[in-house]
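In: 3D, please:
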Amino acid sequence: MDLSTTSFVAVSAAALLAAGLTLYSGFGLGTLLLPVFALFFPVEIAIVATALVHGANNVFKVLLLGRGADRGVVLYFGVPAVLAALAGALALGWLVSADSRLTVGTDVGPVAQVTPVKLMVGFLMVVFAVFELLPRFRRLAFDRRYLPLGGVLSGFFGGLTGHQGALRSAFLAKAGLDTPAFVGSNAVIGFLVDLTRIGVYAALFSAAGAGLSGFTGWPLVATGAASAFAGVLIGKRYLHKVTMRSVQLLVGSFLLAAGVALMLGLI
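Out: Predicted coordinates for the structure are as follows:
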């Protein structure tokens, strides 16, 4: 694929902004970056590209902040999350292999193609947008005894679409963690889920005769990862000046618009 200057600017800006915002919220990078990658790649490839950037960013955060992680929470939440991420990533492979197509007619342009993956990802984006935009759902949190359930839910959706952080943060928020433990635990669990799903994606690509070595978007992924690293460093210093409400509005609005566009076949 011939990647334009616009693609590098868009991915770099999204990764820089999202990585800074996600440092303490525990979510945002994947949700903001996936729709941007989807502008330049098929949605299933966009999920893989996003996972690579997300995984690299989590490695960086683990090295920077991982020592503050709560080991009990990582075990209690992380193990179910990893197992569920395996199932979610395999489910994505099944959806991609279901090569059926649905058509959506438009009055102003050619017929759009909507794949099962686009429908699923778009629908989930809209659902997660509701979690971010509506006050009732923004305040959603869960007792510590439900951590394994949170691991299963966030891990599965993490493997399927990469949308894991919002649910994970909702569950961890009631785990009695201080800020360093919350940020560190989020980073470690996110890294474990990313490692699992990237491994499954690579295996599925190889089985289909299209290993990741043939992926042409590596320069774009590297740009996104470098920008995410910069965002983490900037966010670590300045994020206290950004309100959580602003983060939720930005992420939710972007998710809603991108989810609808995916379901209509516009991207």
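In: Give the closest residue to the residue nearest to the spatial centre of the chain in space, chain neighbours not counted.
Out: The chain has residue 30 as the residue nearest its centroid, 2.7 Å off, counting by CA atoms, centre = their mean. The spatial neighbour of residue 30 that comes closest, neighbours along the chain excluded (CB to CB, 6 or more residues apart in numbering), is residue 162 at 4.2 Å. Every residue, glycine included, has its C-beta placed from N, CA and C.
In: Equivalent analysis for residue 11, please.
Out: residue 224 (4.7 Å).
In: What about the one you found, how many residues nearby?
Out: Counted with other CB atoms under 10 Å, residues neighbouring residue 224 total 31.
In: likewise residue 178?
Out: So residue 178, with other CB under 10 Å, has 10 neighbours.
In: Which stretches in the stretch 151-267 of the chain count as strands?
Out: Using DSSP state E, counting those that start in this stretch, the stretch 151-267 of the chain contains no strands.
In: mind listing the helices for it?
Out: 165-172, 179-207, 218-238, 244-263 (DSSP state H, counting those that start in this stretch).
In: How about the contacts made by the residue nearest to residue 30?
Out: For residue 162, the contact set (CB atoms under 8 Å, 6 or more residues apart in numbering) comprises 30, 31, 34, 47, 50, 51, 54, 197.
In: wait, the residue nearest to the centre of the chain sits on residue 164?
Out: Yes - if you go by CB atoms under 8 Å, residue 30 and residue 164 touch, sitting 7.2 Å apart.
In: Ranking helices and strands of the chain by mean pLDDT, which lands last?
Out: strand 102-104 (a mean of 46; mean pLDDT, DSSP states H and E).
In: Spatially, what comes nearest to residue 79 if we skip its sequence neighbours?
Out: Setting aside the residues directly before and after it, residue 79 is nearest to residue 151 in space (CB to CB, 6+ apart), at 7.0 Å.
In: quick one, strands of the stretch 1-150 of the chain?
Out: Under DSSP E, counting those that start in this stretch, the stretch 1-150 of the chain gives strands at 102-104, 112-114.
In: residue ranges with poor pLDDT in the stretch 151-267 of the chain?
Out: For the stretch 151-267 of the chain, the stretches with pLDDT under 70 are 208-215, 238-248, 250-251, 254, 267.
In: Isn't the residue nearest to residue 11 up against residue 33?
Out: Yes - if you go by CB under 8 Å, residue 224 and residue 33 touch, sitting 6.5 Å apart.
In: any residues in contact with both of the two?
Out: 11, 14, 15, 53.
In: Report the two of those residues separated the most.
Out: 14 and 53 (9.7 Å; CB to CB).
In: between those two, who's got more neighbours?
Out: A side-by-side neighbour count of residue 14 and residue 53, using other CB under 10 Å, places residue 53 first with 30 against 23.
In: isn't residue 249 right next to residue 129, touching?
Out: No - Residue 249 is beyond contact range of residue 129, at 10.5 Å (criterion: CB under 8 Å).
In: So for the two, which sits in the more crowded spot?
Out: For residue 249 versus residue 129, neighbours defined as other CB under 10 Å are more numerous around residue 129 (23 against 14).
In: which residues sit in contact with that one?
Out: 252, 253, 255, 256, 259.
In: Among those, find me the one that's closest to residue 220.
Out: Looking across those and measuring by CB to CB, the closest to residue 220 is residue 255, at 21.1 Å.
In: coming back round to it: ok, which of the helices of the stretch 151-267 of the chain comes nearest residue 71?
Out: helix 179-207 (8.8 Å).
In: tell me which residues in that closest one are buried?
Out: Under the neighbour-count criterion of 16 or more other CB atoms under 10 Å, helix 179-207 has 181-194, 196-198, 200-202, 204-205 buried.
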